[in-house]
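Engineer: Need the 3D shape of this:
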Amino acid sequence: MELLTNELVQELLAVDQPICLSLYMPTHRRHPENLQDSILFKNLIQQMEDSLLQKYSAAEARKHLEPIKALLGDRDLWNHTSDGLAVFSAEGIFKVVELHTSVEELAMVADSFHTKPLRKYLQSGDHFHVLGLTLHDIRLFEGNRRSLYEVELDADIPKTIIEALGDDSSVKHSTLANYGGTRGDRTPMFHGYGGKKEETEKETESFFRAVAAAIEEHFSKPSGWPLILAALPEHHNLFHKVNKNPLLISKGIHINPWSVTPEKLATMAWEIMEPEYKLKLANLLDRFEQERAKGKGSDDYKEIAVAAVEGRVDTLIVEADRIIAVRITDLLTGNTQKKDLTNPKVDDLLDDMGELVTKMGGQVMVFPSDKMPSETGLAAIFRY
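Structural biologist: The predicted model follows:
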């Protein structure tokens, strides 16, 4: 499984192969619902095969589908699914991505990968991380307005103060007593080595600094998502003092993160994020209307296509679940032509347009249909 990051999307966008297979599907976390996942997977493979056979021989189709078909025999994959799955296959590249959100089923054969659902996931303004922090351990969650999931941390992330500071930590050589509460919500009394208050405070600061740096490097930078701290009130000031992550939000959740359910934590996090999300959305939509009034914005795909190939698109807004069967036929002029999506050379115009704008240094935002500023499925703000 690949970790979904902006770097992964850029890697997929850089692939230059005549046949690129993209598969998206919803999956289920629990038995027996997950028994249907492999059946849907087979059906989507069949759709890709039907598309390939329009232009290629049966032997060529089998060759290109072989890596994806091999996943059908991966019991570990189908027994440990999350809410969504994405698979990308082309000559020299094969990626399987677990998604913590459900996606619409899609089987796409084209001359580039279909990455709009990934960009929607990464660029949505309502996505965030929540860091649960105590004096001795951490939890990290990934979520949005609908749900929150605990992230499995790899070996590079210090999950406890002992992992961060090593065997020399006073915690390692101490006896903890009088816990007096749930996990993480405890007032420790140290006996033996390292019992001095000053030494404990220094170790706490070192632990918080190590956690802040690791979360920024491994999660905040790759995703670009805001980070919310969930910790007891007395821990917030110290963590903000040692933190260098610009994505850490000043407002936090003042609670022991072990004392509430992920569902409750999600509600508390969204109370912080919702005003910022709405403000960001409103500012962008207001900017589009202002620029369109000055002739520097449009929702006409033909006009936007010309601006995109010329590198004039500053910000492109595309509708998440809209697919437009149009192809940019000339990357010099921006000419477009309506096509059949079953053709293995044709992808979604919105996806292609997003890739082109990204390569030209523009910003692409993927919005749900009810937040779009137009009825055409896209809107653009031009640089000039």
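Engineer: Tell me, how many residues neighbour Leu331?
Structural biologist: 11 (other CB atoms under 10 Å). Every residue, glycine included, has its C-beta placed from N, CA and C.
Engineer: Likewise for the one 5 residues further on?
Structural biologist: Using other CB under 10 Å, the number of residues around Thr336 comes to 20.
Engineer: Return the residues in contact with it.
Structural biologist: Neighbour list for Thr336: 301-302, 305, 326-329, 349 [criterion: CB atoms under 8 Å, 6 or more residues apart in numbering].
Engineer: ditto for Ser89
Structural biologist: Residues near Ser89 by CB under 8 Å, 6+ apart: 20-21, 64, 67-68, 95.
Engineer: Just the ones of these in strands?
Structural biologist: Applying DSSP state E to the contacts of Ser89, the entries found in strands are 20-21, 95.
Engineer: buried subset of those?
Structural biologist: Buried members of the ones in strands among the contacts of Ser89, counted by 16 or more other CB atoms under 10 Å: 20-21, 95.
Engineer: Ala90 pairs with what?
Structural biologist: Ile93 (DSSP bridges).
Engineer: For it, the count of nearby residues, please.
Structural biologist: 21.
Engineer: Check which helix or strand Leu279 maps to.
Structural biologist: Using DSSP states H and E, Leu279 falls within helix 262-293.
Engineer: what mean pLDDT does that helix have?
Structural biologist: Across helix 262-293, the average pLDDT comes to 92.
Engineer: contact partners of the helix or strand just after that helix?
Structural biologist: Counting by DSSP H and E, the next helix or strand C-terminal to helix 262-293 is strand 297-298. With CB under 8 Å, 6+ apart as the test, strand 297-298 has contacts from 288-292, 304, 307, 379-382.
Engineer: Report the strands that pair with strand 297-298, each with its relative direction.
Structural biologist: When pairing is defined by DSSP bridges, strand 297-298 lines up against strand 378-382 (antiparallel).
Engineer: what is the orientation angle of the strand it pairs with with helix 262-293?
Structural biologist: Taking axes from the mean of the first three to the mean of the last three CA atoms, to 10 degrees, strand 378-382 and helix 262-293 form an angle of 60 degrees between their directions.
Engineer: Can you give the contact residues for strand 378-382?
Structural biologist: Outside strand 378-382, the residues that touch it by CB under 8 Å, 6+ apart are 287-288, 291, 296-299, 301, 304, 307-308, 312-319, 350, 353, 357, 372-373.
Engineer: Same question for stretch 236-255.
Structural biologist: So stretch 236-255 is contacted by 130, 133, 204-205, 208-209, 212-213, 215-216, 220, 224-233, 265, 268-269, 272-273, 276 (CB under 8 Å, 6+ apart).
Engineer: These in helices, which ones?
Structural biologist: 204-205, 208-209, 212-213, 215, 233, 265, 268-269, 272-273, 276 (DSSP state H).
Engineer: Tabulate the residues you listed (TSV), appending distance to Arg29 and neighbour count.
Structural biologist: TSV is the format used below for the ones in helices among the contacts of stretch 236-255 (distance: CB to CB, whole Å; neighbours: other CB atoms under 10 Å):
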residue	distance to Arg29	neighbour count
Thr204	36	19
Glu205	38	14
Phe208	33	23
Arg209	35	17
Ala212	31	23
Ala213	32	15
Ile215	25	26
Pro233	34	9
Leu265	18	23
Met268	23	19
Ala269	21	25
Ile272	26	18
Met273	24	23
Glu276	29	15
